[in-house]
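Asks: turn this into a structure:
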Amino acid sequence: MNILHISDMHFGPRHWQGNNELLLQKLNSFSADLLINTGDNTTDALENEFKAVGSFLKSIDCKHIISIPGNHDKRNMRSADYFRQYIEDVDVLRPLDRNNCRKKGIFLDANVNGVKDHFTDINFLKNITIDGESVLVVCLDSSELYEDNGFIDAEMLRTVSDAISKATYDRIILLNHHPILDTDSDPLFNSRTVIAFVIKHNIEHFFCGHSHQLSIMRSTDLYHNHSFAQYKNGSLSSANTPSDSNMFMYYKNFGSEEMNIHVVRAIVDRSEEHTTELQSHSFISYAVFCLKKKKKKKINKKNCEN
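Replies: Alright, predicted model coming up:
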């Protein structure tokens, strides 16, 4: 299975300043079974930005494209409506008990705000088949309305867990906008709860974005005998932090012993003759490396002594 991973496109004023056609041509040069888009699709969650995102994603040649929202996509009371209209028309999971929800702005007054759906959280499951293998993609909404910090409602985690328990699959992966192993100035406040969720469902691969900084990390919980990798992508945008912008990732033979991770960056020519359209740029692929899965060691908890 081959996976393309994009994140933090920020359509609008902070979006990629190069030629979208050339960018799409480069993305489509990779043979991918699945494209993962880990949020911050827009800059200000405006309808025209969501519409532009949808048009861009439809131009990517990939059978399975799965997108989630980020904090920038929640800067509008109609964000959930726009996301489902233009990007991902999914069957959103509703809380098992709405009275237990504590997330800010998770419910709106539809009559007052004029929204189609008063429920603003976008959590869902996608079960896809690749090479005869059933892959369950778990998508969590870590963003609150008008907030950059992340928070995942505990009741929604319980709801998603219930849905996972009823699903049949060969492999499970998790998508979330905010990282859970490292952070920036706008962290996911209850990342520890999400890590417990990862361990509970034996999730070994977690994809995210948010900080516009590339990192690939592995966490091992010796007590619970569980290890998982976090793949945090940089930004597919040229108007943000200079370190890891204009980039996307490609995972070849994902999850196997032969997995290679390709980091692809676009270099925009900002010379005087190209300042108007910024169409002259080249692509480089670097930091191609393997992330091999280590065998788990069993721990006999009964015989452990202080």
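
Asks: next one: the residue nearest the centre of the chain from Pro69, what distance?
Replies: For the chain, the residue nearest the mean C-alpha position is Thr38 (2.1 Å; C-alpha atoms, centre = their mean). Separation of Thr38 from Pro69 (C-beta to C-beta, to the nearest Å): 10 Å. Glycine gets a C-beta too; all of them are placed from N, C-alpha and C.

Asks: list the residues that contact both of those two?
Replies: Any residue near both Thr38 and Pro69 by C-beta atoms under 8 Å, 6 or more residues apart in numbering counts here, and that gives His177.

Asks: contact partners for the residue nearest to the centre of the chain?
Replies: With contacts defined as C-beta under 8 Å, 6+ apart, Thr38 is in contact with 5-8, 68, 70, 175-177, 207-210, 233.

Asks: out of those residues, flag the one nearest to Ala163.
Replies: Leu175 (14.6 Å; C-beta to C-beta).

Asks: for the closest residue in space to Ser211 that isn't next to it in sequence, grab the count of nearby residues.
Replies: Closest residue to Ser211 in three dimensions, ignoring its sequence neighbours and counting by C-beta to C-beta, 6 or more residues apart in numbering: Asp184, at 4.2 Å. For Asp184, the tally of surrounding residues (other C-beta atoms under 10 Å) stands at 13.

Asks: swap in the one 3 residues further on?
Replies: Residues near Pro187, counting by other C-beta under 10 Å, number 18.

Asks: for it, give me its contacts.
Replies: The neighbours of Pro187, taking C-beta under 8 Å, 6+ apart as the test, are Asn149, Gly150, His178.

Asks: quick one: it from Leu236, how far?
Replies: 22 Å.

Asks: ok, now Glu133?
Replies: In this structure, Glu133 and Leu236 are 28 Å apart, going by C-beta to C-beta.

Asks: name the residue in the two with the higher neighbour count.
Replies: With neighbours defined as other C-beta under 10 Å, Glu133 and Leu236 compare such that Leu236 has more, 30 against 13.

Asks: test my guess that that one contacts Met9.
Replies: Yes: using C-beta atoms under 8 Å as the test, Leu236 is close enough to Met9 to be in contact (4.8 Å).

Asks: before we move on, the earlier item: of the contacts of Thr38, buried ones?
Replies: Using 16 or more other C-beta atoms under 10 Å as the burial test, the contacts of Thr38 include 5-8, 68, 70, 175-177, 207-210, 233 as buried.

Asks: for Ala80, state which of those is nearest.
Replies: Distance ranking of these against Ala80, using C-beta to C-beta, places Ile68 first at 12.2 Å.

Asks: in the stretch 101-250 of the chain, what residue spans correspond to strands?
Replies: If DSSP state E, counting those that start in this stretch is used as the criterion, the strands of the stretch 101-250 of the chain fall at 124-130, 133-139, 171-175, 205-208, 215-221, 226-232, 247-252.

Asks: pick the most deeply packed of those strands.
Replies: Mean neighbour count (mean count of other C-beta atoms under 10 Å) peaks for strand 205-208 among these, with a mean of 25.

Asks: related to what we said a few turns ago, verify the stated contact: the residue nearest to Ser211 with His210.
Replies: Yes: contact criterion C-beta under 8 Å: Asp184 and His210 qualify, at 7.3 Å.

Asks: how far does stretch 134-145 sit from its chain's centre?
Replies: On the basis of C-alpha atoms, centre = their mean, to the nearest Å, stretch 134-145 sits 8 Å off its chain's mean C-alpha point.

Asks: end to end on that stretch, go ahead and measure it.
Replies: According to C-alpha to C-alpha, to the nearest Å, stretch 134-145 extends 33 Å from its N-terminal end residue to its C-terminal end residue.

Asks: since we're on Leu35, how many residues are nearby?
Replies: For Leu35, the count of nearby residues is 21 (other C-beta under 10 Å).

Asks: you'd agree it is up against Ile65?
Replies: Yes: with contacts defined as C-beta under 8 Å, Leu35 counts as touching Ile65 at a distance of 4.6 Å.

Asks: quick check: neighbours shared by those two?
Replies: Each of Leu57 lies in contact with both Leu35 and Ile65 under the rule C-beta under 8 Å, 6+ apart.
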